[in-house]
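1. sequence-free structure coming up:
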């Protein structure tokens, strides 16, 4: 049921809302920065896959008292290493093969939760996040992800730009291309995992791909793309959280839907010009 | 061309290919500084493979290769991404990356060098334009500017005139001469037999080296027939032969 319009100040005055807002701000930095590289490198599907592939690991870890973040990180980094290695040897997995792995990951995770660990109640939380139930540890993790993304962008941004723009021409630019690519895939995998407590394994692309994809439609330079991507991620996070508070819907999906609406709006405006 | 200058590109008994299977064999030539070489051959003849070996990207299966310094390489322009958010200046600035400071922001001197290179290819005023919005010929000139910024002794240009407008074509062809006059070695791959006459040397490839030498000696009818086979139409019977090639362009 739609309640009366809440005050926007509730987002900072209610403690659980304040934590959620801080988390979304940190994720906006990580997701906005890394998202810019994801869209420039056309790695949206990889980012989605890295998030989803962690699901069985999250279920197993959650039920056995191991840190789901550590388990997720191990699975996502292993997945990134495997993709990079396969790509280097010219046997990059086809999109159909990746899709198959993702379906299997989801199915195995659900079976593990319902029949092996009998922790079915955790499935929703692991897939869609629990933005209103975060603690200081989750914030610290996201802050680490944001810092990592910022440092990597400063140090590797020029190389990543040149390699994505013209992969063949970049071979003559004396760049450590294989390591730079592995670092990018590793950064995507690691930062995606930091977003899982907040938005879940299935909705990480709402923070890591959708704002950057919208920014990509209007940005004329890489720095502008990064700036818009971070700003849009932050704005969509705040609006989504406010809508969740107002309409009493889960905040993760509210943020994802706000991002989708913003993307559609930007696309309509750019198409009309 | 100065015939006495020492070779800055040397290739001897080269075989190169992919997955251990050679697609190019028996290549041997040397090129002094201050000279231009036209690498002529059909699509699939081994031109790009030779360039990949010269850049060090592909290890030879056999033979020896010597290139002075790190060559500047201009790949075929249709492989760049036209929707990418970079300006002409951004692309030229990428030429400063081999300087070894790729993890640091570009210095003012590097920006000046990139701007100067754009001016040299006649695009100083277009520095701020988005790369993808430039014409095909202008884009090729921007990629050439990126190579100029590298200040390399050896330049490798893969089909630089394919699909460019006449103005850009003339400007690029003039640059070959200027670059050679500066003492560099300029290697240009093409399938256009007529343009090969303007180079100091010509190397004909068709999965192996057919011939190498000055245009007058290399562009003989028998050599061109071996290079192009049925893809060639000889326009006149005289030597050196005048010919055009008929090819399907598959990239």
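-> Received it, and whenever you're ready, just let me know what you need. All values derive from a computational prediction rather than experimental measurement. Residues are numbered from 1 along each chain as shown, chains lettered A, B, ... in the order given.

2. the one helix or strand residue B:204 maps to pairs with which strands, parallel or anti?
-> In this assignment (DSSP states H and E), residue B:204 forms part of strand B:201-205. With DSSP bridges as the test, strand B:201-205 is paired with strand B:35-40 (parallel), strand B:209-213 (antiparallel).

3. pick the most deeply packed of the ones you listed.
-> Comparing these by mean neighbour count (mean count of other CB atoms under 10 Å in any protein chain shown), strand B:35-40 ranks first with a mean of 26. Backbone N, C-alpha and C define where each C-beta goes, glycine included.

4. and the first helix or strand past that strand going along the chain, what other elements does it pack with?
-> Later in the chain than strand B:35-40, the nearest helix or strand by DSSP H and E is helix B:47-55. Helix B:47-55 is packed against strand B:7-18, strand B:21-32, strand B:35-40, strand B:62-67, strand B:154-158, strand B:185-190, with contacts defined by 3 or more CB pairs under 8 Å, 6 or more residues apart in numbering or on different chains; DSSP states H and E.

5. what's the mean pLDDT across helix B:47-55?
-> Here helix B:47-55 scores 93 as its mean pLDDT.

6. again with stretch A:221-236
-> pLDDT averaged over stretch A:221-236 gives 97.

7. mind listing what's buried along that stretch?
-> Within stretch A:221-236, the residues that count as buried by 16 or more other CB atoms under 10 Å in any protein chain shown are A:222, A:225-226, A:228-230, A:232-236.

8. so what touches that stretch?
-> By CB atoms under 8 Å, 6 or more residues apart in numbering or on different chains, the residues outside stretch A:221-236 that reach it are A:24-25, A:27-29, A:31-33, A:35-36, A:39-40, A:153, A:157, A:161, A:206-207, A:210-212, A:214-216, A:218-219, A:255, A:258-259, A:262, B:85-87, B:90.

9. of those, buried ones?
-> Going by neighbour count (16+ other CB under 10 Å), those have A:24-25, A:27-29, A:31-33, A:35-36, A:39-40, A:153, A:157, A:161, A:206-207, A:210-212, A:214-216, A:218-219, A:255, A:258-259, A:262, B:85-87, B:90 buried.

10. dig out what the residue most central in space within chain B forms beta bridges with.
-> Geometric centre of chain B, nearest residue: residue B:157, 1.8 Å, by CA atoms, centre = their mean. Taking DSSP bridges as the rule, residue B:157 bridges to residue B:74, residue B:188.

11. ok, so what distance separates it from chain A?
-> Noted for residue B:157: a distance of 11 Å to chain A, by CB to the nearest CB, to the nearest Å.

12. try residue B:127
-> 13 Å.

13. for that residue, what are its contacts?
-> B:87-89, B:92, B:115, B:118.

14. from the chain's centre, how far out does stretch B:187-196 sit?
-> How far stretch B:187-196 lies from its chain's middle: 9 Å, per CA atoms, centre = their mean, to the nearest Å.

15. and what of stretch B:24-38?
-> The mean C-alpha position of stretch B:24-38 is separated from the chain mean by 12 Å, CA atoms, centre = their mean.

16. cool, stretch A:111-118 as well?
-> Counting by CA atoms, centre = their mean, stretch A:111-118 comes out at 26 Å from the chain centroid.

17. and that stretch, average pLDDT?
-> For stretch A:111-118, the mean per-residue pLDDT is 85.

18. same thing with stretch B:127-135?
-> On average, stretch B:127-135 scores 94.

19. and after the biggest helix by length in chain A, which helix or strand comes next?
-> Using DSSP state H, we find that the single longest helix of chain A is helix A:177-208. Going down the chain from helix A:177-208, the next helix or strand is helix A:210-218, by DSSP H and E.

20. still on that earlier bit, which one among the contacts of residue B:127 gets closest to chain A?
-> Lowest distance from chain A to these (CB to the nearest CB) belongs to residue B:87, with 6.6 Å.
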